[in-house]
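Engineer: Model the structure of this input:
(one chain, ligands or ions: 2)
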Amino acid sequence: MPSDFDRLVSALRRAKRVSVLTGAGMSAESGIATFRGAGGLWEGRRVEEVATPEAFSADPVKVWRFYEGRRRAVKAAAPNPGHEALAALEARFPAFHVATQNVDGLHRRAGSRNLVELHGCVERRYCVVCRRTEEDLEPLDDLPPLCKGCGGMMRPDIVWFGEPLSVEAWEDARQAARESEVYLVVGTSSQVYPAAGLALVAADAGAEVFEINPEETPLSPVFTGAIREPSGKALPRVVAALFG
Ligand code: BJW
Ligand code: ZN
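Structural biologist: Ligands and ions are numbered 1, 2, ... in the order given. From the prediction side, this is the model:
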């Protein structure tokens, strides 16, 4: 019986079109906490209680303090060997797409280019009044930051619970899922929709879907196979097996 790792490598050898969905586990080895694992709480609260438009309306300074912590962590972090492996794979396939739920920008910093950030990015913020955007990771002196154009309040450019994903980002990710022969689901608990549903779109369209995650998830039973290892170890192993 070939292992799931061997089956994944054989599937990738045959494939021309490969897509990847990533989640917080992808950046765990860069020192960025996941949402639903240990360390996923902020001041004793679940992310679901802080990352909502209602929480922001009720107490913008509190939500901005949460994001200042995230921005500081992201600034100090660097892509890990898993991010680098995905960037290396992009150069080796005629079509290679990454859809990330992460807002840390680490795929971009690692060199992935055919990339969509489904839930936004902590580097960006926008004015809730005139939509003017700013982009940096410098510490913010005053919270909440105010728009230099109109004086309105700025908010993080993040998709919070109950908010729609950008239509372009979603369509881009869905098309990549539909067209892929191999689909990798890396470091996500597959609990947050619509992103989690991309793996089902790929499976329905006939892709072989492999999960890279030390833990099982609710969607594990429908996937073709699983590599139960941290992505920073498994993805470089895939690159080495294919091209090493
Ligand atoms: C490793 C590892 C290692 C550890 N290597 N792996 C009921 C059913 C279906 C849907 C809903 C529902 N009720 C509500 C909804 C909708 C809701 C939703 O899905 N809720 C569920 C929780 C039930 N979704 C939404 O609201 C979305 N919008 C929407 O649906 O809009 C509809 C609409 C249409 C039209 C008008 C208006 C609305 C938006 C979702 C936005 C999610 N946003 C967040 C932002 C957080 C704040 C921030 O980043 O600053 O995105 S929430 C948070 O969860 C974040 C993540 O991207 C997302 C997913 O989490 P992820 O990445 O999977 O992380 P974890 O921590 O859960 O898992 C980590 C995994 O890594 C684990 O499995 C570990 O084992 C693994 N791991 N180390 C590999 N080294
Ligand atoms: Zn403004």
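
Engineer: does Phe96 belong to a helix or a strand, and which?
Structural biologist: In this assignment (DSSP states H and E), Phe96 forms part of strand 95-100.

Engineer: whoops, I mixed them up, Glu211
Structural biologist: Counting by DSSP H and E, Glu211 is found in strand 208-212.

Engineer: Mind exporting the C-alpha coordinates of that strand to PDB?
Structural biologist: C-alpha atoms of strand 208-212 as PDB (Å, rounded to 0.1, in the frame of the first residue of the first chain):
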ATOM      1  CA  GLU A 208      -7.700  14.700  -5.800                       C
ATOM      2  CA  VAL A 209      -7.800  16.600  -2.500                       C
ATOM      3  CA  PHE A 210      -5.100  16.100   0.100                       C
ATOM      4  CA  GLU A 211      -5.000  17.600   3.500                       C
ATOM      5  CA  ILE A 212      -1.700  18.700   5.200                       C
END
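
Engineer: List of residues touching the longest helix that the chain contains?
Structural biologist: Secondary structure of the chain per DSSP state H: the longest helix is helix 60-76. Residues outside helix 60-76 that contact it (Cβ atoms under 8 Å, 6 or more residues apart in numbering) are 31-33, 42-43, 50-51, 55-56, 103-106, 122-123, 137, 139-140, 143-145, 153, 155-156, 158. From N, CA and C alone the C-beta is placed, and that goes for glycine too.

Engineer: Which of the residues in it are classified as buried?
Structural biologist: Residues of helix 60-76 classed as buried by neighbour count (16 or more other Cβ atoms under 10 Å): 60, 62-68, 70-71, 73-74.

Engineer: do the same with stretch 13-22
Structural biologist: Buried, per 16+ other Cβ under 10 Å, within stretch 13-22: 15, 17-22.

Engineer: what about that stretch, near ligand 1?
Structural biologist: No: judged by Cβ under 6 Å from any ligand atom, stretch 13-22 and ligand 1 are separated, with a smallest distance of 7.6 Å.

Engineer: Span of that stretch from start to end?
Structural biologist: 21 Å (Cα to Cα, to the nearest Å).

Engineer: Now that Gly111 has come up, it's in contact with Ala85, right?
Structural biologist: No: in this structure, Gly111 is not within contact of Ala85 by Cβ atoms under 8 Å, at 10.7 Å.

Engineer: Just say helix, strand or coil for the closest residue to Glu135 other than its chain neighbours.
Structural biologist: Spatial nearest neighbour of Glu135, chain neighbours left out: Arg124 (4.8 Å); criterion: Cβ to Cβ, 6 or more residues apart in numbering. Going by DSSP: H, G, I helix; E, B strand; the rest coil, the secondary structure assigned to Arg124 is strand.
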